[in-house]
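> from the sequence below, what's the structure:
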Amino acid sequence: MTSNWALFNNLSINLGYYRFYSELPFFPLLLFFLHFFELCSLSLQNYFLQLLLFFL
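So this is what the prediction gives:
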C-alpha cells in the first residue's frame with residue numbers, strides 16, 4: 001500500500017512539474033542548450049590546452 005502511495009505521489013509531483021514547464025516551453029530547451037554549449041566549450045578548452053601543452 002505504501003509503495004502504491006509513493007508511486008502516486010511521485011506521479012503527481014512529475015505532473016506538477018510538467019504543468020509548470022508546459023507554461024514555459026522554451027525553458028527546458030534553454031537548459032538543454034546551455035548544458036550542451038557548456039559541454040562543447042569545455043571540450044574545446046581541453047583541446048586547446050592539449051595543443052598548447054603539445055607545442056610547449
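
> what stretches of this structure score poorly on pLDDT?
1-28, 40, 56 (pLDDT under 70).

> longest helix of it?
helix 26-55 (DSSP state H).

> which elements pack onto that helix?
Here helix 26-55 touches no other helix or strand, going by 3 or more CB pairs under 8 Å, 6 or more residues apart in numbering; DSSP states H and E. In this view, the C-beta of every residue, glycine as well, is placed from N, C-alpha and C.

> count of neighbours near S43?
Counted with other CB atoms under 10 Å, residues neighbouring S43 total 10.

> go on, F37?
Residues contacting F37 under the criterion other CB under 10 Å number 10.

> ok, L53 next?
L53: 8 surrounding residues under other CB under 10 Å.

> quick one: F48 from L31, how far?
Plainly put, F48 is 26 Å away from L31 if you go by CB to CB, to the nearest Å.

> check L53 too.
33 Å.

> do N46 as well
Using CB to CB, N46 is found at 23 Å from L31.

> likewise for L44?
20 Å.

> likewise for F55?
37 Å.

> the more surrounded of those two?
Taking neighbours as other CB under 10 Å, F55 and L31 compare with L31 leading, 11 against 6.

> give me the neighbour count for Y47.
With other CB under 10 Å as criterion, Y47 counts 10.

> hmm, I was thinking of F33
Quick note: F33 (other CB under 10 Å) scores 11 neighbours.

> and for L42?
10.

> mind listing what L52 touches?
Counting by CB atoms under 8 Å, 6 or more residues apart in numbering, L52 makes contact with nothing.

> measure it to L39 for me?
21 Å.

> for F48, same thing?
Separation of F48 from L39 (CB to CB) stands at 15 Å.

> with Q45 instead?
11 Å.

> ok, L31 next?
Taking CB to CB as the measure, L31 falls 13 Å from L39.

> can I get stretch 31-40 in CSV? Just the C-alpha atoms.
What follows is stretch 31-40, C-alpha atoms only, in CSV (Å, rounded to 0.1, in the frame of the first residue of the first chain):
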residue,chain,number,x,y,z
LEU,A,31,18.6,24.5,-20.1
PHE,A,32,19.5,21.7,-22.6
PHE,A,33,21.2,24.1,-25.0
LEU,A,34,23.1,25.8,-22.2
HIS,A,35,24.3,22.4,-20.9
PHE,A,36,25.2,21.4,-24.5
PHE,A,37,27.2,24.6,-25.2
GLU,A,38,28.9,24.3,-21.8
LEU,A,39,30.0,20.7,-22.7
CYS,A,40,31.2,21.9,-26.1
